[in-house]
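1. Mind looking at a prediction? Sequence and model below.
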Amino acid sequence: MAKREIPTRRAFRQGELLFLPLSKEDYTRLFGDRRDLAGQGWQDLDTNVIREGEATGHKHQVLTKLAVSAALFAPPESWMQALAGMDRITGEDRLLVADGPVEIVHPEHKPLTLPKGIHLIVVQREYDETRPYHVLD
Amino acid sequence: MLVTSRFGGCRRGIYQTIEDGTVTVRGAGTCLRAIVRQGQVVEEVRRTSTECTTLRYGQGQTVKRDGKIIQQVFYEPGSLHAIRRGGLWKRQTDLTLCGMAGTLRCYSTRGGLYGRETFTYCNGVRAYAAERGQQKLEVRRPDGRLWIVLEGRMRLGLHSMAERLNPRPNDVGLWWLIAGQDLSVKIYGPSGSRVVTQGRMENHQRQGRWLENGKVSYYLSGVKISRTLCEEDPDQWDGAEVLRIPNAQLRSSFLNKMGYERLLQKVDHEVLDTDADGSQLLAITVLSGGQPALTVDRSMRLLRVVCPSTRATYVLRVPPEVQSCQEARHWTLGLGLRSVRNGARFDLVQET
């Protein structure tokens, strides 16, 4: 059987975080035609800290310039949707909504500039035999 | 200028192009006014109940608090907001250091780089004078006594050292101060003679023996460990035990200290694949008490990756079905194994 063609996905990366700009198709796949994330259970975190190092306390933070606003959202626990070709969004993943270019900073990494738009932030994962995951058949 | 709204609700959205005029956005206690000329924002004024920030592109930014100027930033003419070259580019008077207010002055090089900064307390005592590339920095208290000594290559930035020292009084903002790879830190008590904190940062992390507020701690890549572990010869460590450490950073630190060659000497392994970026896919058979543990995969696959920013090596555990570095790397970034094998890839535009 012929393998299904899956397009290459554009991404940015800073350390253990992967930033995936969402296309309209991606957004529709995740949220349908609804625009209010809060209405779908996504929580507006009201912070610019994406993730804090468990052991060192170092933070990945979003910096914006004047007149640019950005918001971070966390998925609800029951969230099951996933982007095409990817495993499902976990509770550690985030959504960044930016209406202009934003900078992601971290003490150990060079700043990363993201274009405006909606970005899914995926945390690099590690295999754990005690937790289920999608096993290849 | 394009004014749009987000999540305003049905029929409440705004999508308006403005060529010339003024846009005023009022919020709870804040007001933002943008002046637009020929489609470009030329001036922004943000007001709160106490502060007023005026940003004029190509000229500078002024922050006033209660009618008094507390910060001035000067931009290079012809640029949007690049700092002015070859002179004073920032003056700030609302900062405090070691409990006393003072004035910060930042100067740039002729090439427009951050060249020098000084902080002078309001009583006239100079706290510090830092220069680009300087190897040693001394910060003094308002009474002139020595407070902090940093040894290593100083790197100045948009955020001044005074700002970076301020936010965390307990650790004197060391994380923000350290932009170089290696730096020794020494903090003196109020007398200026007794050292209360001393240690060394490596690769932005605390490393080795640290004296912190009079107590001695030991660190391995920023993670606190026991003295025994810090001083013990890694040759004595059991490789299999190290691989079972639950904290990924600590495990990675132990593996880094232990060295992969040494680990590979201690545990049975196999290099399954090597990638051009230096990553390696390793397979290790994990035994528990001589018998393969029921709760642990018999074949452990590890992906050894190199961070492009810090050049530190990390080891991540990947599913036992993974066959190559590419598969392993894309799996750790969220792609399903099936998708990877069907050709799904990430095109990494920027990686830091």
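-> Sure thing, it's come through. Note that the structure is predicted; figures quoted are calculated from it, not measured. Residues are numbered from 1 along each chain as shown, chains lettered A, B, ... in the order given.

2. Quick check: chain neighbours aside, which residue is closest to B:Thr62?
-> Beyond its immediate neighbours in the sequence, the residue positioned closest to B:Thr62 (C-beta to C-beta, 6 or more residues apart in numbering or on different chains) is B:Thr54, lying 4.9 Å away. Glycine gets a C-beta too; all of them are placed from N, C-alpha and C.

3. ah, wrong one, I meant B:Ser217
-> Nearest one to B:Ser217, counting by C-beta to C-beta, 6+ apart, is B:Trp210 at 4.9 Å.

4. Could you pull out the helices in the chain for me?
-> The chain I'm using is chain A. A:24-31 (DSSP state H).

5. Wait, chain B was what I had in mind.
-> Taking DSSP H as the criterion, chain B carries its helices at B:161-165, B:174-177, B:227-231, B:239-243, B:248-258, B:260-266, B:325-332, B:337-341.

6. I'd assumed B:Ala130 was in contact with B:Ala162.
-> No - counting by C-beta atoms under 8 Å, B:Ala162 does not reach B:Ala130; the two are 9.6 Å apart.

7. residue closest to the middle of chain A?
-> Centroid check for chain A by C-alpha atoms, centre = their mean gives A:Ile121 as the closest residue, at 1.7 Å.

8. Check what pLDDT A:Ile6 gets.
-> In this model, A:Ile6 is scored at 61, pLDDT.

9. Could I get the contacting residues of B:Gln135?
-> For B:Gln135, the residues meeting the contact criterion (C-beta atoms under 8 Å, 6 or more residues apart in numbering or on different chains) are B:151-154.

10. one more time with 10 Å, if that's ok
-> B:Gln135 makes contact with B:150-154, B:180, according to C-beta atoms under 10 Å, 6 or more residues apart in numbering or on different chains.

11. re earlier: quick one: residues contacting the residue nearest to B:Ser217.
-> When contacts are counted by C-beta under 10 Å, 6+ apart, B:Trp210 is found next to B:185, B:197-201, B:216-219, B:224.

12. Now do it against B:Ile225, distance only.
-> Counting by C-beta to C-beta, to the nearest Å, the gap from B:Trp210 to B:Ile225 is 11 Å.

13. Now do the strands in chain A.
-> A:9-14, A:17-21, A:43-44, A:49-52, A:59-63, A:70-74, A:94-98, A:102-106, A:109-114, A:117-123 (DSSP state E).

14. got the angle for the second one vs strand A:59-63?
-> Put plainly, it is strand A:17-21. Using axes from the mean of the first three to the mean of the last three C-alpha atoms, to 10 degrees, the inter-axis angle of strand A:17-21 relative to strand A:59-63 is 30 degrees.

15. so, in contact with chain B or not, strand A:17-21?
-> Yes - Strand A:17-21 comes into contact with chain B when judged by C-beta under 10 Å from any C-beta of the partner chain, the residues involved being A:17-21.

16. which helices and strands does that strand pack with?
-> Helices and strands touching strand A:17-21, by 3 or more C-beta pairs under 10 Å, 6 or more residues apart in numbering or on different chains; DSSP states H and E, are strand A:9-14, strand A:49-52, strand A:94-98, strand A:102-106, strand A:109-114, strand A:117-123, strand B:346-351.

17. Any chance of JSON lines for the ones you listed, columns distance to B:Thr48?
-> Written out in JSON lines, the entries for the helices and strands packed on strand A:17-21 read as follows (distance: least, C-beta to C-beta, whole Å):
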{"stretch": "strand A:9-14", "distance to B:Thr48": "31"}
{"stretch": "strand A:49-52", "distance to B:Thr48": "22"}
{"stretch": "strand A:94-98", "distance to B:Thr48": "22"}
{"stretch": "strand A:102-106", "distance to B:Thr48": "22"}
{"stretch": "strand A:109-114", "distance to B:Thr48": "27"}
{"stretch": "strand A:117-123", "distance to B:Thr48": "28"}
{"stretch": "strand B:346-351", "distance to B:Thr48": "34"}
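
18. Using TSV, please lay out these together with distance to B:Gly78 and mean pLDDT.
-> What follows is the helices and strands packed on strand A:17-21, written out as TSV (distance: least, C-beta to C-beta, whole Å; pLDDT from 0 to 100):
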stretch	distance to B:Gly78	mean pLDDT
strand A:9-14	30	90
strand A:49-52	35	88
strand A:94-98	27	91
strand A:102-106	23	91
strand A:109-114	22	89
strand A:117-123	30	92
strand B:346-351	27	86
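
19. returning to that earlier point: which residues do B:Trp210 and B:Ile225 both contact?
-> Looking at what touches both B:Trp210 and B:Ile225 (by C-beta under 10 Å, 6+ apart), the common residues are B:217-219.

20. Now rank the residues you listed by neighbours and give me the top one.
-> Taking other C-beta atoms under 10 Å in any protein chain shown to define a neighbour, the member of the shared contacts of B:Trp210 and B:Ile225 with the most is B:Tyr219, carrying 23 neighbours.

21. Now do the same contact list for that one.
-> Applying C-beta under 10 Å, 6+ apart to B:Tyr219 gives the contacts A:55-56, B:199-202, B:205-210, B:212, B:225, B:230, B:253.

22. are any of those buried, and which?
-> By the neighbour-count criterion of 16 or more other C-beta atoms under 10 Å in any protein chain shown, the contacts of B:Tyr219 include these buried positions: A:55-56, B:199-201, B:205-207, B:210, B:212, B:225, B:230, B:253.

23. low pLDDT regions in chain B?
-> B:166-181, B:203-204, B:246-249, B:252, B:256, B:259-261, B:286-299 (pLDDT under 70).

24. circling back to that earlier point, could you dump the strands of chain A into JSON lines and include distance to B:Arg91?
-> As requested, the strands of chain A are arranged in JSON lines below (distance: least, C-beta to C-beta, whole Å):
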{"stretch": "strand A:9-14", "distance to B:Arg91": "33"}
{"stretch": "strand A:17-21", "distance to B:Arg91": "36"}
{"stretch": "strand A:43-44", "distance to B:Arg91": "37"}
{"stretch": "strand A:49-52", "distance to B:Arg91": "30"}
{"stretch": "strand A:59-63", "distance to B:Arg91": "22"}
{"stretch": "strand A:70-74", "distance to B:Arg91": "29"}
{"stretch": "strand A:94-98", "distance to B:Arg91": "31"}
{"stretch": "strand A:102-106", "distance to B:Arg91": "24"}
{"stretch": "strand A:109-114", "distance to B:Arg91": "25"}
{"stretch": "strand A:117-123", "distance to B:Arg91": "36"}
